[in-house]
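**Q** could you look at this predicted model? Sequence included:
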Amino acid sequence: MKNGLWHRHTSLAYLAVLLGVAGHASSEFAAVLTHIKGPELSVWRFLLGGMGLIILALAFPASRNLIEPFQKVGLRLVWLSALGVTIGYLLFHWALDYATVPQVATMVTTIPIFVGLANLWVAKQPFPRTKLLTGLSALIGVALLITDGYLAKLAGSGQSLIGILMALGCAATVAVYMVSIRPVIIEFGALRITAITMAIGGVGLWLVVGLFWSIWVNPLTLLDRPPQQLASLLTLAIWNTTITQFFWIGGLAAVPDITRGSYLFFLKPVIAAFLAAVFLNQFVTPWQALAIAVICISVLVEAGKALSKPRPRKGKRAGKRGKERTPISIITVK
């Protein structure tokens, strides 16, 4: 596979992950504003978002061949799509029907810890004690920040252990998906594999929700929705799914250390706090400022380690005359 720019430059890979985190940070906002129950909402999100990713993949020549990955790893793509999208995001949206937004957001933010454990289990990569300590430190900061009530206005239902466990299940399944799909993305490209898995997962959600909830979502009725609901659904599908998932999944596949890269996800509630201040007039309290400082310091420790270790350069001096150099192109979107 021809690597793109974010594979060549670590900082760009981390920037892509950060953009993905920004998209995840606003997903609860858009989800609540749709006023659609969790299982049905998950279908709308990934049918539309998966369709957007397919269209985006077909727009680039390098990613148009969506059949090739199936010919080589078709079964793997199907079960990973079912695990990371159908099951994972069904649990996420369904959890919002039982637990408050702060509770769900707190549990989902454990994804980096599960990524480290999944990387240890699947890829046999070590999970050093220092990473575990910085991760737990950031998680404590997340819990302090979120439970202080900055998202209370968006909370729809009472506290429930069922919803918390669902959100925890979402974090675990998404983490296993992220680690397991990485080698496939490296071989076939981020856009192509993200589009395929999100689309398959969306169809799986449509079937599961239809069979078990008797809700058969018809995408053709999208334009019949009230204006606010339509705008919220399109935001959730295009920004929080099509764009966010491409940057999040592709960026994590490109960073040298997926566990360290996933630690940027701890910034999700910090970004959400900023959004709450802008859109809900819920300004940061001194207690929240302390929690944000704990999160940012923990993440910066790991980010500093990552960026201070440049990737090994191939060959001798890259700028030597007479040697042919590989041109740097824009991100290859296979």
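**A** Great, that's in hand. Worth saying up front: this structure is predicted, and the values here are computed from it rather than measured.
**Q** check the gap between Lys124 and Val179 for me.
**A** 11 Å (Cβ to Cβ, to the nearest Å). The C-beta positions use only the backbone N, C-alpha and C, and glycine is treated the same way.
**Q** so which of these two has more stuff around it?
**A** Each of Lys124 and Val179 has its neighbours counted (other Cβ atoms under 10 Å); Val179 has more, 25 against 7.
**Q** skipping adjacent residues, who's closest to the more buried one in space?
**A** Once flanking residues are discounted, Val179 sits nearest to Ala118: 4.3 Å by Cβ to Cβ, 6 or more residues apart in numbering.
**Q** tell me the contacts of that neighbour?
**A** Counting by Cβ atoms under 8 Å, 6 or more residues apart in numbering, Ala118 touches Ala175, Val176, Met178, Val179, Ser180.
**Q** just the CA atoms of the host helix or strand of Ile196, as CSV, please.
**A** Using DSSP states H and E, Ile196 sits within helix 190-213. Only the C-alpha atoms of helix 190-213 are listed here, as CSV (Å, rounded to 0.1, in the frame of the first residue of the first chain):
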residue,chain,number,x,y,z
ALA,A,190,-8.5,4.2,6.0
LEU,A,191,-11.3,5.6,3.9
ARG,A,192,-12.1,2.4,2.1
ILE,A,193,-12.2,0.2,5.2
THR,A,194,-14.0,2.8,7.3
ALA,A,195,-16.7,3.1,4.6
ILE,A,196,-17.1,-0.6,4.3
THR,A,197,-17.3,-1.3,8.1
MET,A,198,-19.6,1.6,8.9
ALA,A,199,-21.9,0.6,6.0
ILE,A,200,-22.0,-3.1,7.0
GLY,A,201,-22.5,-2.1,10.6
GLY,A,202,-25.4,0.3,9.6
VAL,A,203,-27.2,-2.5,7.8
GLY,A,204,-26.6,-4.8,10.8
LEU,A,205,-28.2,-2.2,13.0
TRP,A,206,-31.1,-1.8,10.6
LEU,A,207,-31.7,-5.6,10.8
VAL,A,208,-31.3,-5.9,14.6
VAL,A,209,-33.5,-3.0,15.5
GLY,A,210,-36.1,-4.1,13.0
LEU,A,211,-36.2,-7.7,14.3
PHE,A,212,-36.1,-7.0,18.0
TRP,A,213,-37.8,-3.6,18.3
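**Q** contacting residues around the next helix or strand after that helix?
**A** The C-terminal neighbour of helix 190-213 among helices and strands, as given by DSSP H and E, is helix 227-234. Residues from elsewhere that reach helix 227-234 (Cβ under 8 Å, 6+ apart): Ala30, Leu33, Thr34, His35, Ile36, Trp44, Arg45, Leu48, Leu222, Leu223, Arg225.
**Q** centre of the chain to the following helix or strand past helix 227-234, how far?
**A** For helix 227-234, the following helix or strand on the C-terminal side (DSSP H and E) is helix 244-254. Between the centre of helix 244-254 and the centre of its chain there are 7 Å (Cα atoms, centre = their mean, to the nearest Å).
**Q** what lies in contact with helix 244-254?
**A** Here helix 244-254 has contacts from 4, 6-7, 12-24, 27, 49, 53, 56, 178, 181-182, 185-186, 190-191, 193-194, 198, 258, 261-262, using Cβ under 8 Å, 6+ apart.
**Q** using PDB, write down the CA coordinates of it.
**A** C-alpha atoms of helix 244-254 as PDB (Å, rounded to 0.1, in the frame of the first residue of the first chain):
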ATOM      1  CA  THR A 244     -15.400  11.900  12.500                       C
ATOM      2  CA  GLN A 245     -15.000   8.200  12.000                       C
ATOM      3  CA  PHE A 246     -12.700   8.700   9.000                       C
ATOM      4  CA  PHE A 247     -10.300  10.900  10.900                       C
ATOM      5  CA  TRP A 248     -10.600   8.900  14.200                       C
ATOM      6  CA  ILE A 249     -10.200   5.400  12.700                       C
ATOM      7  CA  GLY A 250      -7.700   6.500  10.000                       C
ATOM      8  CA  GLY A 251      -5.600   8.500  12.400                       C
ATOM      9  CA  LEU A 252      -5.300   5.700  15.000                       C
ATOM     10  CA  ALA A 253      -4.300   3.400  12.200                       C
ATOM     11  CA  ALA A 254      -1.500   5.800  11.200                       C
END
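**Q** give me the angle between that helix and helix 190-213.
**A** 130 degrees (axes from the mean of the first three to the mean of the last three Cα atoms, to 10 degrees).
**Q** let's number from 17 now, not from 1
**A** Let's use 17 as the start, then, which means that last one is helix 260-270.
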